[in-house]
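Q: model the following, please.
(chains A and B)
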Amino acid sequence: MPDINWQNKILHIDINSYFAALLQQENPKLRNKPVGIVKDVGRTCIIAASKEAKKLGVSTGSNAYEAKLKAPDIVLVPAQFDRYLDATKRLKKIFMNVSPNIYIYSLDEAFVNISHCQKYLYPDVEQLAKNIQQQIQLELGEWVTSNVGISANYFLAKIASNIAPKGTVLTIDENNLDGILAEVPFAEVCGVGLRLEKKLKKLGVTNPYQIRFYSQAELELFFGPFWSRELLKIAYGEETNHLALLEKPLSQMKSVSRSITGYHLYDDEKEIKAIIYNLISEVIHKVRKMNLAGRQVSIFLNGQDQFWADHLTVKHFINHEQEMFEIIYNKLYKNWKRHFKIIKFGVRMSLLEKMGQNSLLPNWQKTEKIHQAMDDVNDKYGLFTLRTGALLNQPIIKPEVTGFLGDRIYQLGE
Amino acid sequence: MYQKIGEKIKVAGVYKDYTFQPFKFQWNGRQLKIDKITLVSNIKNGLIKKRLYSVMIGNDIFRLLFDRESESWTIDEVWVD
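A: Model (predicted):
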């Protein structure tokens, strides 16, 4: 018998084609048309597509050239990250009115756990799901539709919303569980990535149910001890390790990173230096805003087909941009014999902890006072209002929200 | 594509359900009556809070920006086919 408590009730809400739906909501001229969202004017990577564009084969990650071959009439519009984040905050309020046990999984996905209150407050769970769909449309507009999956755990609720027809509600229960697990492709199964899917295919396994025909010992030979256990949970629809962690939210972020794909391949040292400093400034701003400091800094750079990364762990905690820059640029980057032009830049601060005792060194305290003054101005008027001279006369890379909301603790204050 | 305008405007509106809803605005010497508000978003830069209204006037779509600190309105962008 699978380890599933069918008394539990979890809802997974997934907004359909979120960024594009919000754009089509605000601009009725774009409704029923293929629309692609790009990061900014001049960008060519499509970060979100409307349902009409998806029907023509345009997917997230396509470039504009490919997209236009598939959908010649596609309209490309720059993203409005502030709007998406605001919409997600409003969705959060809707979900919080249903249950205090919610988890914003990404900008356009959330879990609502009603297990503790379903019996008395929501005897008809499918009706609750429909009410939530209506509330979302009342709040964000009639064009914003959603799927709701209902089941006894996070894993099955997410599969349910993934496979439900657009704008509908689907429940996975004891009666349809095996049938769904025997039909659902791994692309719709949370936790199974492309590499794992390929490895499973080599064994002739193309859906979760087929995993049941292998013993844990056999699976362990191919996938190791961790994934053999996880795959058996997936086979029976039990909660996976990754999703079970939602019940134990992090009290703070463990790392903060920022990456950017440039407009072209960068070879000019002055430009490269400014971009790295810019990204570090944003990371430090977020780290300081959450009253954290970290001991490990990393840099990762991509060329067209090349990749380089390095990191350094120090004994003391860092929360000043000049110090992070000193390590990343002068100690790590400068020691690398750059042999390719750079298209993607990334920096990270990790091993984060709450700031405790401040350093007593006079130099540190002086820098801290400057940082505090900068924080005050930038908190009020926006990041980069006051910035270091290294970023003068440079186009500023401003903060943006990512779809998977990796910095949800920072953005939503969770 | 949205085209940047960035011009200050005067807006008249009504309070409905405890929120302000723009009703018409004056731009280029013309009074434009809003037919539909299609999306409202609260955005901020630092502590400066702004409210972005997407509105339809006939077949045209505008983005109007209300700065909640200075209480001023800007016609931010207009959709151009």
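Q: wait, residue A:108 touches residue A:12, no?
A: No. Taking contacts as CB atoms under 8 Å, residue A:108 lies outside contact range of residue A:12: 11.4 Å. In short, each C-beta sits where N, CA and C put it, glycine included.
Q: when the two are compared, which one has more neighbours?
A: Higher neighbour count among residue A:108 and residue A:12: residue A:12, with 28 against 25, using other CB atoms under 10 Å in any protein chain shown.
Q: doesn't residue A:43 make contact with residue A:37?
A: No. Residue A:37 is not in contact with residue A:43 according to CB under 8 Å; the separation is 9.7 Å.
Q: what is in contact with these two at once?
A: residue A:78 (CB atoms under 8 Å, 6 or more residues apart in numbering or on different chains).
Q: pick out whichever of those two has more residues nearby.
A: Relative neighbour count places residue A:37 above the other of residue A:37 and residue A:43, with 25 against 17, counting by other CB under 10 Å.
Q: mind listing what residue A:45 touches?
A: A:38, A:39, A:61, A:62, A:63, A:64, A:261.
Q: so the third one makes contact with residue A:46?
A: Same thing as residue A:61. Yes. Residue A:61 is within contact range of residue A:46, at 7.0 Å (criterion: CB under 8 Å).
Q: ok, back up a step: may I ask which of the contacts of residue A:45 has the most neighbours?
A: With neighbours defined as other CB under 10 Å, the most crowded of those is residue A:62; it has 22 neighbours.
Q: phi, psi of that residue?
A: The phi/psi pair for residue A:62 (degrees, to the nearest 10) reads phi -70, psi 160.
Q: wouldn't it be in contact with residue A:46 here?
A: Yes. Counting by CB under 8 Å, residue A:62 does reach residue A:46; the two are 4.8 Å apart.
Q: shared neighbours of those two, anything?
A: Counting by CB under 8 Å, 6+ apart, the shared contacts of residue A:62 and residue A:46 are residue A:36.
Q: can you get me a residue count around residue A:267?
A: 11.
Q: how close does residue A:185 sit to residue A:16?
A: Separation of residue A:185 from residue A:16 (CB to CB, to the nearest Å): 19 Å.
Q: looking at those two, which is more packed in?
A: Between residue A:185 and residue A:16, counted using other CB under 10 Å, the more crowded position is residue A:16 (18 against 13).
Q: for that one, give me its contacts.
A: Contact analysis of residue A:16 by CB under 8 Å, 6+ apart lists A:51, A:144, A:145, A:146, A:147, A:166, A:167.
Q: can you tell me how far the last one is from residue A:180?
A: In this structure, residue A:167 lies at 19 Å from residue A:180, with CB to CB as the measure.
Q: now do the buried residues in stretch A:388-405.
A: Residues of stretch A:388-405 classed as buried under the neighbour-count rule (16 or more other CB atoms under 10 Å in any protein chain shown) are A:388, A:390, A:391, A:397, A:399, A:401, A:403, A:405.
Q: first-to-last residue distance for it?
A: This stretch, stretch A:388-405, spans 28 Å end to end (CA to CA, to the nearest Å).
Q: contact partners of that stretch?
A: Residues outside stretch A:388-405 that contact it (CB under 8 Å, 6+ apart): A:18-19, A:39, A:47-48, A:79, A:81, A:84-85, A:88, A:104-108, A:258, A:260, A:271, A:273-275, A:277-279, A:281-282, A:286, A:321-322, A:325, A:383-384, A:387, A:407, A:411-412.
Q: only the buried subset of these, as a ChimeraX command please.
A: A single ChimeraX command selects the buried members of these (16+ other CB under 10 Å):
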select /A:18,19,39,47,48,79,81,84,85,88,104,105,106,107,108,258,260,273,274,275,277,278,279,281,282,286,321,325,383,384,387,407,411
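Q: now the strands for the chain?
A: No chain specified, so I'll use chain A. With strands called from DSSP state E, chain A shows them at A:10-15, A:35-38, A:46-49, A:75-78, A:102-106, A:109-113, A:146-151, A:169-171, A:255-266, A:292-302, A:307-318, A:342-350, A:353-354.
Q: oops, I was thinking of chain B
A: Under DSSP E, chain B gives strands at B:2-16, B:19-27, B:30-33, B:36-45, B:48-57, B:60-67, B:72-79.
Q: any chance of those in JSON lines, plus mean pLDDT and mean neighbour count?
A: Formatted as JSON lines, the strands of chain B follow (pLDDT from 0 to 100; neighbours: other CB atoms under 10 Å in any protein chain shown):
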{"stretch": "strand B:2-16", "mean pLDDT": "93", "mean neighbour count": "12"}
{"stretch": "strand B:19-27", "mean pLDDT": "92", "mean neighbour count": "16"}
{"stretch": "strand B:30-33", "mean pLDDT": "94", "mean neighbour count": "11"}
{"stretch": "strand B:36-45", "mean pLDDT": "92", "mean neighbour count": "18"}
{"stretch": "strand B:48-57", "mean pLDDT": "94", "mean neighbour count": "19"}
{"stretch": "strand B:60-67", "mean pLDDT": "95", "mean neighbour count": "19"}
{"stretch": "strand B:72-79", "mean pLDDT": "95", "mean neighbour count": "18"}
